[in-house]
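In: take a look and give me a structure for this.
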Amino acid sequence: MENLNRRRVLSLGAALGLVGALEGPKAWAWSSADSVAGSGAGADPEWIWDAATDPLMASLLDNGQVPAINTAMAKWVNNGDPLPSGLPAELAAHLRQVNTLPAWADLTKLRRAADFNRRRDTYLFMLYGLGSGIMSTVIPREARSVYWSAGGADMQDRAAKTFTFGYDLSQLRAFEPSGQFVVTANKTRLVHAAVRHLLPQSPHWKAGADQTIPISAADILVTFHSLGTYVHSKLTDWRIPFPAADQEAFLHSWQVALHLLGVPDEYIPQTWAAAHAQSAQVLTPIMAPTTEGKDLAEVLLGLTAQIDLGVTRGFLNEFVRYVLSDEVGDWLGLKRDYAAAALVRTAWPAYILFREGLSPVMPGTFYMVDQFIRGLAMLFLNNGGSSTTTPITIPTGNRAAG
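Out: This is a model prediction of the structure:
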């Protein structure tokens, strides 16, 4: 069994295009010299949470102030908006400190990242939706935290809020006064702090948890690698033109996002090489199936079925297997459709070649694949199927059993 598990980790790491799959979690070994800070204490981020936000949110929850805060913050949308009135003084003071870009943020790079997101949205919609979204269900801690938190009881709403985060990050002026991502990131940071306080009170979460407090800095880094680092790997593997300046800008947008989420700068990778090395340590070895993850994957795939993608469920299952691996597909119990598998493995490379001008011949499957991607884009742009923006709100409880 030990050898089988080792082969599983190694094969999955290779399938995901991540560097140096490990046999299992090891002591923190990633060097802070490779971070945007360039140095650090070297403490394991497994034991780092959010000292600036967590005690504040715990107090606000215990005092019953969160419903009024959610009402007040519903009016706070654009980065340039003033803080809403009606917030507790201590929360307003906290937000005034953190609701700003780090000194090292480069607006030129952030604007290029936004333009890159626009130019490559076809691939990003698909990779974030069917790649990263489903990958999250085989990250045990993330799957359990999502499932047993309040949002897990309504996955359509939970998915819509996740799409809101991704959509706001992808806006053309995401980090500028007219954009919304700085506000969205700060709201998400408050949600994380609330979940850290609430989930340890859930006997259902505690029954399967391997940590006493969820969403450590390491956990947030894992989520980054399942999104940004994974996308970087796939675009590179598929040989999609990806100039160095675009790669640097794309990484920079994620670096700033991680900072806004409260991750200390000493853990934020400075380069893609450093990101892949960190991912190999914190993401690849931990991926595995869970009961909660299987259920979440089925719900998420069911949400896509509500949009007319022009493909069968078998095609959808096989596309997930294609972008993540058969290993992940087996973990999630995705039924095989070998005819669809053959179609995916021929149609997608041909689609890329034609779209990138590397082949003059339009594949016969072009229209079908294009409609498939457009359907995923609509799901993304409509915030999980909602016709209006889904506000990010702070939870006040956990999911009940059943």
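In: report the secondary structure state of residue 361.
Out: Under DSSP: H, G, I helix; E, B strand; the rest coil, residue 361 falls in the coil class.
In: quick one, grab the pLDDT at residue 177.
Out: Looking at residue 177, its pLDDT reads 95.
In: burial check on it, number of neighbours?
Out: 10 (other CB atoms under 10 Å). (Each C-beta comes from the backbone N, C-alpha and C, glycine too.)
In: checking my notes, it in a helix, right?
Out: No. Using three-state DSSP, the assignment for residue 177 is coil, not a helix.
In: make residue 1 into 57 and carry on from there
Out: Will do, 57 is the new start, and the previous item becomes residue 233.
In: next, count neighbours for the closest residue to it other than its chain neighbours.
Out: Take residue 233 and drop its neighbours on the chain: the residue closest to it by CB to CB, 6 or more residues apart in numbering is residue 136, 3.0 Å away. When counting by other CB under 10 Å, one arrives at 12 neighbours for residue 136.
In: residue 252 reaches residue 270, doesn't it?
Out: Yes. Between residue 252 and residue 270 a contact is recorded at 6.0 Å, counting by CB atoms under 8 Å.
In: and these two? which has more neighbours close in?
Out: Ranked by neighbour count (other CB under 10 Å), residue 252 and residue 270 place residue 270 first, with 24 against 20.
In: how about that one, secondary structure?
Out: Of the three states, residue 270 takes coil under three-state DSSP.
In: relative to residue 432, how far out is it?
Out: 29 Å (CB to CB, to the nearest Å).
In: contact partners for the nearest residue to residue 408 once chain neighbours are set aside?
Out: Nearest residue to residue 408, sequence neighbours excluded (CB to CB, 6+ apart): residue 294, at 5.8 Å. The neighbours of residue 294, taking CB atoms under 8 Å, 6 or more residues apart in numbering as the test, are 179, 405, 408.
In: now these: which count as buried?
Out: 179, 408 (16 or more other CB atoms under 10 Å).
In: need the contacts of residue 294 in TSV (columns: secondary structure, pLDDT and distance to residue 197).
Out: Formatted as TSV, the contacts of residue 294 follow (DSSP: H, G, I helix; E, B strand; the rest coil; pLDDT from 0 to 100; distance: CB to CB, whole Å):
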residue	secondary structure	pLDDT	distance to residue 197
179	helix	91	28
405	helix	94	34
408	helix	93	33
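In: tell me the one of the contacts of residue 294 nearest residue 144?
Out: Using CB to CB, residue 179 is the member of those that sits closest to residue 144, with 42.8 Å.
In: who's in contact with that closest one?
Out: So residue 179 contacts 287, 290-291, 294, 296 (CB under 8 Å, 6+ apart).
In: need these in TSV (columns: pLDDT).
Out: Below are these laid out as TSV (pLDDT from 0 to 100):
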residue	pLDDT
287	96
290	97
291	96
294	94
296	94
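In: which of the residues you listed are buried? Put it as a ChimeraX command.
Out: With 16+ other CB under 10 Å as the criterion, this ChimeraX line picks the buried residues out of the contacts of residue 179:
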select :287,290,291,294
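In: okay, and the helix or strand of the protein with the least pLDDT?
Out: Among the helices and strands of the chain, helix 58-71 carries the lowest confidence by mean pLDDT, DSSP states H and E, at a mean of 40.
In: who touches the following helix or strand past that one?
Out: The first helix or strand that comes after helix 58-71 along the chain, using DSSP states H and E, is helix 110-118. Applying CB under 8 Å, 6+ apart, the external contacts of helix 110-118 come out as 122, 125, 144, 146-147, 150, 246, 249-250, 252-254, 450, 452.
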